[in-house]
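>>> All I have is the shape, not the residue letters:
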């Protein structure tokens with residue numbers, strides 16, 4: 001009889017501790033989640049939507065010291081001088097791609113293709129490598 005009581009007490013204690021742990025890991029309320037999100041936003045630790053590169057870091061430049069009119073004037077001046085940076089990305093890979101662009105005209109490329117066809121140097125579609 002004593003063993004049954006001890007066994008029952010052990011089972012009750014096990015169930016009680018698992019219930020206590022379940023309460024500790026219960027989901028937080030919506031208000032708590034919103035408060036955490038606001039705090040992370042103020043601290044600048046939110047990841048921008050669509051970017052998986054990690055938390056956003058603050059720019060070292062700080063706010064601009066120029067007025068809007070000054071920025072517009074500087075942009076117009078740069079445009080007139082031809083020193084305005086092109087729109088879009090200026091990554092190293094993009095610059096390298098621009099250097100790889102052909103300087104030949106369409107007629108020159110067509111002439112080369114006709115010559116290669118006559119010599120049998122063209123790669124058949126789907127073959128992957130030229131005949132040698």
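Noted; the coordinates are in hand. As the structure is a prediction and not an experimental result, all values here were calculated from the model.
>>> Sketch out the low-pLDDT regions of this protein for me.
In the predicted model of the chain, residues 1-3, 6-10, 12-26, 50-62, 88-91, 93, 95, 129-132 satisfy pLDDT under 70.
>>> let's go with 90 and repeat that
Across the chain, residues meeting the criterion (pLDDT under 90) sit at 1-29, 33, 36-37, 40-66, 79, 82-104, 120-132.
>>> Could I get the full set of helices for it?
For the chain, the helices defined by DSSP state H cover 2-24, 30-43, 68-81, 92-99, 106-119.
>>> What lies in contact with the second one?
The one in question is helix 30-43. Here helix 30-43 makes contact (Cβ atoms under 8 Å, 6 or more residues apart in numbering) with 28, 46. Backbone N, C-alpha and C define where each C-beta goes, glycine included.
>>> repeat for the last one
Residues from elsewhere that reach helix 106-119 (Cβ under 8 Å, 6+ apart): 102, 104, 122.
>>> If we use 10 Å, what do you get?
Residues outside helix 106-119 that contact it (Cβ atoms under 10 Å, 6 or more residues apart in numbering) are 102, 104, 105, 121, 122, 123, 130.
>>> With the third one instead?
For helix 68-81, contacts defined as Cβ under 10 Å, 6+ apart pick out 64, 66, 67, 83, 84, 85.
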